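>>> when you get a sec, could you give me coordinates for this:
(one chain, ligands or ions: 2)
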Amino acid sequence: MRYAQLVVGPAGSGKSTYCSTMVKHATDSNRIVEVVNLDPAAEHFDYEPLVDIRELIHLDDAMEDEELQFGPNGGLIFCMETLLENCDWLEEQLGDVDDDYLLFDCPGQIELYTHLPVIKRLVEQLEKWNFRICVVFLIDSQFMVDGAKFLSGTMAALSVMVNLELPHVNILTKMDLLSKSARKQLDNYLDPDPHILLAEMRNVKSRWHEKYAKLTEAIGEVIDNFSLVRFCPLNIKDEESIDNILITIDNIIQFGEDADVKIKDFDEPEENGDE
Ligand SMILES: Nc1nc2c(ncn2[C@@H]2O[C@H](COP(=O)(O)OP(=O)(O)OP(=O)(O)O)[C@@H](O)[C@H]2O)c(=O)[nH]1
Ligand SMILES: [Mg+2]
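Numbering: from 1, shown residues only. Ligands and ions are numbered 1, 2, ... in the order given. Have a look, this model is predicted:
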């Protein structure tokens, strides 16, 4: 079994920073975590990638091609499709090391995760290669500090969850940039209570809410009733905060737990036999 975090989220939400932060944190606790750069347009990141999609195809290749004539967004989709067509290349680059733990630093175009099939197909490949995957959806906490934005961010997280159908963690990034009052505001939402959100939206003059108060309320309640979406705050300046996130994800993909799981599986038939 191998382990992977698929790090996704809107442009600039902090995906590449998250990856380098996790690598440093893991190294400090004697763990090896490596990053695969899947962003064909990446210009800067603070880690040494194990695999880099730009060695296969760069966004400029798609955009400068006389025949293709892609813009930046179509070009990106083209690059991701090229990656899928060259699965052998990726498989070879990834190697085949048991217990490997990789972070896939993905591009920032949200449509890749909300409704296009290309990332989903990549996930299916990774699963064939024995990866147990957790989607890590990052969203900038600064865009989550009022009711309407929080609701809209929640809906974005939900579309990614529905589209990718994988174990999933939502992370609020850049908590270090929030003012004290903004952080307090956000704390109210983190244990999501749609009534707090709604009461607040009622106070804010919003054309949407005036017209669709009942709809907003219904969406809020559905999300709450099904415990669909939760957010974990991440402050990269606080080791404990980083550690909490890593532990949460490790648990989800059962990293380091396999030994226990095997023992349990082994014991169960015996117990049944005794009964
Ligand atoms: N203060 C602070 N800045 C952050 C944090 N995370 C990211 N940033 C900054 O936000 C900007 C974008 O961060 P990136 O990590 O490149 O974001 P990204 O999601 O990889 O961006 P794209 O790949 O372009 O979609 C950079 O200037 C980072 O330094 C954080 O936790 N705290
Ligand atoms: Mg990036």
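>>> do stretch 14-30 and ligand 2 meet at all?
Yes: using CB under 5 Å from the ion, a contact is recorded between stretch 14-30 and ligand 2, made by Lys15, Ser16. Placement of C-beta: from N, CA and C, glycine included.
>>> for the protein, what's the longest strand?
strand 131-140 (DSSP state E).
>>> may I have that one exported as CSV, CA atoms only?
Output of strand 131-140 as CSV, limited to C-alpha atoms (Å, rounded to 0.1, in the frame of the first residue of the first chain):
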residue,chain,number,x,y,z
PHE,A,131,-2.4,4.4,-3.5
ARG,A,132,-4.8,5.1,-0.7
ILE,A,133,-5.8,8.7,-1.3
CYS,A,134,-7.2,11.6,0.7
VAL,A,135,-8.4,14.8,-1.0
VAL,A,136,-7.2,17.8,0.8
PHE,A,137,-9.2,20.8,-0.3
LEU,A,138,-7.6,24.1,0.6
ILE,A,139,-9.5,27.4,0.9
ASP,A,140,-8.1,30.8,1.9
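>>> and the residue in the chain that ligand 1 sits nearest to, how many neighbours does it have?
Nearest residue of the chain to ligand 1: Gly108, at 2.3 Å (CB to the nearest ligand atom). Applying other CB atoms under 10 Å, we find 19 residues neighbouring Gly108.
>>> and the residue lying closest to Leu84 once chain neighbours are set aside, how far is that from Lys24?
Distances taken as CB to CB, 6 or more residues apart in numbering place Arg121 nearest to Leu84, at 5.6 Å, with adjacent residues excluded. Noted for Arg121: a distance of 31 Å to Lys24, by CB to CB, to the nearest Å.
>>> rewinding a little: any idea how far ligand 2 is from the residue nearest to Leu84?
According to CB to the ion, to the nearest Å, Arg121 and ligand 2 sit 21 Å apart.
>>> mind checking what secondary structure that residue has?
helix (DSSP: H, G, I helix; E, B strand; the rest coil).
>>> make 58 the first number, not 1, from now on.
Sure, I'll start numbering at 58, so the last one becomes Arg178.
>>> doesn't Glu142 make contact with it?
No: checked against CB atoms under 8 Å, the pair Arg178 and Glu142 is beyond contact range at 10.4 Å.
>>> more neighbours, those two?
Shown here are Arg178 and Glu142; by other CB under 10 Å, Arg178 has more neighbours (15 against 11).
>>> pLDDT wise, what is that one at?
We have a pLDDT of 96 for Arg178.
>>> likewise His172?
86.
>>> and what of Gln62?
Value listed for Gln62 in the pLDDT field: 98.
>>> what about it, neighbour count?
26.
>>> doesn't Asp118 fall inside a strand?
No: counting by three-state DSSP, Asp118 is not found in a strand; it is helix.
>>> give me the neighbour count for it.
Using other CB under 10 Å, Asp118 has 17 neighbouring residues.
>>> ok so, going back, what pairs with the longest strand of the chain, parallel or antiparallel?
Sheet pairing of strand 188-197 (DSSP bridges) gives strand 59-65 (parallel), strand 225-230 (parallel).
>>> any buried residues in the longest one, and which?
Translated: strand 59-65. Arg59, Tyr60, Ala61, Gln62, Leu63, Val64, Val65 (16 or more other CB atoms under 10 Å).
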